[in-house]
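*Asks:* Next input, structure requested:
(chains A and B)
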Amino acid sequence: QSALTQPPSVSGSPGQSVTISCTGSSSDVGSYNRVSWYQQPPGTAPKLMIYEVTNRPSGVPDRFSGSKSGNTASLTISGLQAEDEADYYCSSYTSSSTFLFGGGTKLTVL
Amino acid sequence: EVQLLESGGGLVQPGGSLRLSCAASGFTFSSFAMSWVRQAPGKGLEWVSTVSASGSTTYYADSVKGRFTISRDNSKNTLYLQVNSLRADDTALYYCAKEGRAYNLDYFDYWGQGTLVTVSS
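*Replies:* Numbering: from 1, shown residues only, chains lettered A, B, ... in the order given. Sure thing, here's the model as predicted:
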């Protein structure tokens, strides 16, 4: 049960776009559309931002979007805002009926 | 409004045990799988365990299999995690999380604020 692979950090200036990748395997990301993304500002609980690869829960700005190609899923944040600064985690359901999380990516808004 | 309130954490010696609880409200508890996810200090999220909506099926991470037991009481809208044979690397904030799709295993749409388990002599 190895964690999904995410870059440790990404950064961008206000108004720019950033993309966070999440690489798994054919046993998880590659086989299921059950990939989700979570935002976690310091000292707070995770918040669901994207589910089932591309879907946004109500209340999440449409600046947040998700996609998947093969074993890699991606979260794109466009029109960066200072309030987007947080840790972001991907998650996937697996063929073992378990869940995997990525190691997390720290987003810095310059 | 969905609310998840964890309790039961604390300081425990290596080899010790605790029972974590998560009181749920604001949704039909018996229709959704529930999970525990933990986060060691300064580290990332780690899925620990999931129980099906009925409680009949359970799933565990390899790191806790045989030591932790997840259960639920649908009459009390409460999720539990019995943690035994605790080790230092079990030290973490333990979150209770609600499944987003009824009768499915897919994503976590609501999270509690967590209960802290510290394993130390």
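*Asks:* where do the strands sit along chain A?
*Replies:* Secondary structure of chain A (DSSP state E): strands at A:9-12, A:18-23, A:35-40, A:47-50, A:64-69, A:72-77, A:86-93, A:99-101, A:105-109.
*Asks:* Same list (those strands) but as CSV, adding mean neighbour count.
*Replies:* Any C-beta I mention is one placed from the backbone N, CA and C, and that applies to glycine too. Output for these, formatted as CSV (neighbours: other C-beta atoms under 10 Å in any protein chain shown):
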stretch, mean neighbour count
strand A:9-12, 15
strand A:18-23, 20
strand A:35-40, 26
strand A:47-50, 22
strand A:64-69, 17
strand A:72-77, 22
strand A:86-93, 25
strand A:99-101, 25
strand A:105-109, 18
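*Asks:* how about the ones you listed in JSON lines, adding distance to B:Arg72?
*Replies:* Shown next, in JSON lines, are these (distance: least, C-beta to C-beta, whole Å):
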{"stretch": "strand A:9-12", "distance to B:Arg72": "38"}
{"stretch": "strand A:18-23", "distance to B:Arg72": "30"}
{"stretch": "strand A:35-40", "distance to B:Arg72": "22"}
{"stretch": "strand A:47-50", "distance to B:Arg72": "21"}
{"stretch": "strand A:64-69", "distance to B:Arg72": "30"}
{"stretch": "strand A:72-77", "distance to B:Arg72": "30"}
{"stretch": "strand A:86-93", "distance to B:Arg72": "20"}
{"stretch": "strand A:99-101", "distance to B:Arg72": "17"}
{"stretch": "strand A:105-109", "distance to B:Arg72": "32"}
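*Asks:* Neighbours of A:Arg34, how many?
*Replies:* Using other C-beta atoms under 10 Å in any protein chain shown, A:Arg34 has 21 neighbouring residues.
*Asks:* about what we covered before: any chance of the strands of chain A in a markdown table, with mean pLDDT too?
*Replies:* Converted to a markdown table, the strands of chain A look like this (pLDDT from 0 to 100):
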| stretch | mean pLDDT |
| --- | --- |
| strand A:9-12 | 96 |
| strand A:18-23 | 98 |
| strand A:35-40 | 98 |
| strand A:47-50 | 98 |
| strand A:64-69 | 97 |
| strand A:72-77 | 98 |
| strand A:86-93 | 98 |
| strand A:99-101 | 97 |
| strand A:105-109 | 97 |
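*Asks:* how about JSON lines for these, with distance to chain B added?
*Replies:* Rendered in JSON lines, the data for the strands of chain A read as follows (distance: least, C-beta to the nearest C-beta, whole Å):
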{"stretch": "strand A:9-12", "distance to chain B": "13"}
{"stretch": "strand A:18-23", "distance to chain B": "12"}
{"stretch": "strand A:35-40", "distance to chain B": "4"}
{"stretch": "strand A:47-50", "distance to chain B": "5"}
{"stretch": "strand A:64-69", "distance to chain B": "11"}
{"stretch": "strand A:72-77", "distance to chain B": "12"}
{"stretch": "strand A:86-93", "distance to chain B": "5"}
{"stretch": "strand A:99-101", "distance to chain B": "4"}
{"stretch": "strand A:105-109", "distance to chain B": "10"}
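*Asks:* Perfect, I'm done here.
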